[in-house]
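> Sequence first, predicted coordinates after that:
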Amino acid sequence: MATGIQTYDRFGTLRLDSSAISYNQLDYFEVPAGYTSTAAIVKTFSDIPSDMTISHVLLMKSVVTADGRQLAPTVTINQGARTLTAQPFSQATTDVEGNATTHYSQEAFILVLGK
């Protein structure tokens, strides 16, 4: 039985499996909900070894909303620049009946890992 963290992309492809590789925790921070702020949070890891690969685990803090949507903030990693950017968002939409509504990303924690 394997233990550790496994993360998959939206297509179901395994992207991170800590049961076979040792990861170091680089950072841990909170991303606010989109209705609180939509300012990007940029973390730079210039002091880690050049051959270390940055990964992340996204942990949703909030419960699922009444409409059943739990939207995650956008997380982007730039390995060359050694940065991770977390972007909460709000998005206005209109349904087929013309009703306007705004969807917000939920609060989340980001666990930043390096291997």
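Yep, it's here. Numbers count the residues shown, from 1 in each chain.

> pLDDT at the residue of the chain most remote from its centre, what is it?
Taking Cα atoms, centre = their mean, the residue of the chain most remote from its mean C-alpha position is residue 97, at 32.4 Å. pLDDT, residue 97: 87.

> cool, and residue 75?
Residue 75 is given a pLDDT of 94.

> buried stuff in the helix or strand encompassing it?
Residue 75 is part of strand 74-78 when elements are defined by DSSP states H and E. Using 16 or more other Cβ atoms under 10 Å as the test for burial, strand 74-78 gives 75, 77. No exception for glycine: its C-beta is placed from N, CA and C like everyone else's.

> Pull out the CA atoms of that strand and give them to me as CSV.
Extracted C-alpha coordinates of strand 74-78, given in CSV (Å, rounded to 0.1, in the frame of the first residue of the first chain):
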residue,chain,number,x,y,z
THR,A,74,-5.7,29.5,-10.9
VAL,A,75,-2.2,28.4,-10.0
THR,A,76,0.7,28.8,-12.5
ILE,A,77,4.3,27.7,-12.0
ASN,A,78,7.2,29.1,-14.0
